[in-house]
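Novice: model the following, please.
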Amino acid sequence: QVKLVESGGGLVQPGNSLRLSCTASGDTGPRSVMGWFRQGPGNEREFVAAIAWNTVTTSYSAAVKGRFTISRDNAKTTITLQMNRLQPEDTAIYYCAATARGFPAFKDLEALEYVGQGTQVTVSS
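Specialist: Sure, this is the predicted structure:
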């Protein structure tokens, strides 16, 4: 059974940084893609970033590109999301997720095979 556990959320002032981590236990599938999506109050799920099995290929939403960086360890089981220059509109619950169905499939946020419990990120002065 696969379990994804996130950590690192919290309250931060605008302009500051936070780092989220997610560790997977169990087999997420061959060449799984891992990443993050978020859901703010009253909003739908929004893709944030994803990283491929090769730990090199990445994808970011336009809203976070240039501010957030996703990485994956060589064991392929832990990913991190370094979030810089945070803004109030980044406030949301951030969910770690994984799919074995390939990179494009990660953006089908309602069909991801594995999703963590989420961690709250609040950006406020």
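Novice: contacts and neighbour counts: CA atoms only from here.
Specialist: Will do.
Novice: quick check: beta-bridge partners of the residue sitting nearest the centre point of the chain?
Specialist: For the chain, Trp36 is the residue whose C-alpha lies nearest the centre (Cα atoms, centre = their mean; 1.9 Å). On the basis of DSSP bridges, Trp36 is bridged to Ala49, Cys96.
Novice: would you check how far apart it and Cys96 are?
Specialist: Going from Trp36 to Cys96 by Cα to Cα, to the nearest Å gives 5 Å.
Novice: which residues of this structure fall in strands?
Specialist: Secondary structure of the chain (DSSP state E): strands located at 3-7, 10-12, 18-25, 33-39, 46-51, 58-60, 68-72, 78-83, 92-99, 114-115, 119-123.
Novice: indicate which one of those is closest to Asp108.
Specialist: Among these, strand 46-51 comes nearest to Asp108, with 8.8 Å by Cα to Cα.
Novice: could you report the neighbour count for the residue nearest to Trp53 when sequence neighbours are not counted?
Specialist: Excluding the flanking residues, the one nearest Trp53 by Cα to Cα, 6 or more residues apart in numbering is Arg31, at 4.9 Å. Arg31: 15 surrounding residues under other Cα atoms under 10 Å.
Novice: close enough to count as contact, Arg31 and Ala52?
Specialist: Yes. Counting by Cα atoms under 8 Å, Arg31 touches Ala52, with 7.4 Å between them.
Novice: shared neighbours, the two?
Specialist: Contact criterion Cα atoms under 8 Å, 6 or more residues apart in numbering; residues shared by Arg31 and Ala52: none found.
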